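# model this:
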Amino acid sequence: MLRLSIPVRQALSRLTLPVMLLVSLGLILAGRADRHLGDMLRTGLDDALAPVYRAAAAPVAAVEQDRGALGSWFRLHAENLALTKQNEALQRWRAVALALAAQNAALKSQLHFVPTPTPNFFAARVIADLGGLYARSVLVTIPREAHDIVNAIAMDGRGVVGRVVQSGSRSARVLLITDLNSRVPVAIGRHGERAIMEGQNSATPRLIYWAPGDPPREGQIVLTSAVGGVFPYGLPVGIVRYKGRNDPVVVPFAGLTRLRVLRLFEYDTQSAAPADPPGNPSHP
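Presented below is the predicted three-dimensional model:
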């Protein structure tokens with residue numbers, strides 16, 4: 001091993017910070033010069049680290065499935081959480097049922113209703129909960145035949161989780177609806193009043209740009225809107241709650257703090273349901 005003298009080591013330690021600053025500045029300038037360079041490097045790094053994340057997740061799964069005392073503790077803890085959340089889950093499913101009933105009634109009121117095509121979908125396992133460019137995003141594995149699935153809609157068993165913003169050959173990054181960069185057009189209530197759901201890097205996104213003089217009401221169902229051509233109409237998102245005066249937020253149906261497996265849906269938004277729900281005039 002090469003031994004360095006104390007003055008040399010002190011000089012190297014002083015150079016560490018300037019060198020790192022120069023490297024950071026070079027990366028920033030490179031990203032400004034070629035906006036796709038950062039995305040390419042990030043996607044390549046995600047693809048390269050996907051096997052590492054998968055390998056790291058295996059020991060945790062093995063411990064949880066152990067039949068000893070430690071495995072029993074994990075199972076008891078999971079059962080306790082399930083019992084604690086049972087009442088909340090039943091209330092959410094009741095809200096989903098009411099939303100589906102309202103949507104069914106709206107569809108029946110149409111004279112020329114064209115059914116939405118069945119989307120392609122597949123299951124994807126969450127292998128990392130990452131920060132970085134997006135504060136609220138997760139990395140999922142995808143099959144090799146998935147190719148480019150950018151803008152695919154991610155859902156768990158309860159509601160919308162987010163959408164795919166980056167896709168590689170083996171992994172994809174899902175931007176959650178709670179992220180500060182997330183903007184989702186939504187339809188509120190049985191009449192589908194328009195609004196935008198904006199992430200705040202917290203557990204509850206807020207509602208903005210709702211119709212003047214007609215604010216969202218507490219407890220109303222929130223569904224996705226087809227405005228913008230990314231989301232289809234009618235996917236369950238959450239319920240309206242108020243944190244303060246004129247400050248409506250959405251309590252998501254999806255369990256965003258414990259994501260394990262997601263379903264990624266590829267909708268044909270060109271032939272999806274209309275932007276406005278049936279029988280509801282557009283707001284100015």
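
# List the buried residues of the helix or strand harbouring residue 91.
Assessed by DSSP states H and E, residue 91 sits inside helix 86-108. In terms of neighbour count (16 or more other Cβ atoms under 10 Å), helix 86-108 has its buried residues at 92, 95-96, 99, 102-103, 106. Yep, even glycine has a C-beta here, placed from its N, CA and C like the rest.

# any idea which helix or strand comes after it?
Helix 86-108 is succeeded, C-terminally, by strand 120-130 (DSSP H and E).

# Only the C-alpha atoms, please, for that next one, written as CSV.
Output in CSV follows, covering the C-alpha atoms of strand 120-130 (Å, rounded to 0.1, in the frame of the first residue of the first chain):
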residue,chain,number,x,y,z
ASN,A,120,-52.9,-3.1,-21.3
PHE,A,121,-51.5,-3.6,-17.8
PHE,A,122,-49.0,-5.6,-15.9
ALA,A,123,-47.8,-5.9,-12.3
ALA,A,124,-44.5,-4.2,-11.2
ARG,A,125,-42.7,-4.8,-7.9
VAL,A,126,-41.4,-1.7,-6.0
ILE,A,127,-37.7,-2.2,-5.4
ALA,A,128,-36.6,1.2,-4.1
ASP,A,129,-38.2,4.4,-2.6
LEU,A,130,-35.9,7.1,-4.1
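
# okay, the angle between the next helix or strand after it and strand 120-130?
Moving toward the C-terminus from strand 120-130, the next helix or strand (DSSP H and E) is strand 137-141. Per axes from the mean of the first three to the mean of the last three Cα atoms, to 10 degrees, the angle that strand 137-141 makes with strand 120-130 is 120 degrees.

# Listing partners with orientation, what would you give for the very next helix or strand once past strand 137-141?
Downstream of strand 137-141, the first helix or strand assigned by DSSP H and E is strand 153-155. The strands that strand 153-155 pairs with in its sheet are strand 160-167 (antiparallel), strand 261-266 (antiparallel) (by DSSP bridges).

# Could you list the low-pLDDT ranges of the protein?
The model of the chain has pLDDT under 70 over residues 1-2, 4, 35, 58-71, 110-117, 130-133, 269-284.

# can you rerun that using 80?
1-13, 27-39, 41-42, 53-75, 77, 87, 105-118, 129-134, 145-147, 268-284 (pLDDT under 80).

# Residue for residue, what is the longest helix it has?
As assigned by DSSP state H, the longest helix anywhere in the chain is helix 35-64.

# between that one and strand 137-141, how big is the angle?
70 degrees.

# list the helices and strands helix 35-64 packs on?
Here helix 35-64 touches helix 6-33, helix 69-84, strand 120-130, strand 137-141, strand 160-167, strand 171-176, going by 3 or more Cβ pairs under 8 Å, 6 or more residues apart in numbering; DSSP states H and E.

# Just name the most buried of those.
strand 171-176 (a mean of 25; mean count of other Cβ atoms under 10 Å).

# What's the first helix or strand after that one?
Downstream of strand 171-176 (by DSSP H and E), the next one is strand 183-188.

# just how off-centre is that next one within its chain?
The gap between where strand 183-188 is centred and where its chain is centred comes out at 14 Å by Cα atoms, centre = their mean, to the nearest Å.

# That strand versus helix 86-108: what angle between them?
Using the same axes, to 10 degrees: strand 183-188 against helix 86-108 is 80 degrees.

# if you skip the residues just before and after it, what's nearest to residue 230?
Distances taken as Cβ to Cβ, 6 or more residues apart in numbering put residue 151 closest to residue 230, at 5.5 Å, once the chain neighbours are dropped.

# Would you mind putting the strands paired with strand 153-155 into JSON lines with distance to residue 16 alongside?
Shown next, in JSON lines, are those (distance: least, Cβ to Cβ, whole Å):
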{"stretch": "strand 160-167", "distance to residue 16": "31"}
{"stretch": "strand 261-266", "distance to residue 16": "40"}
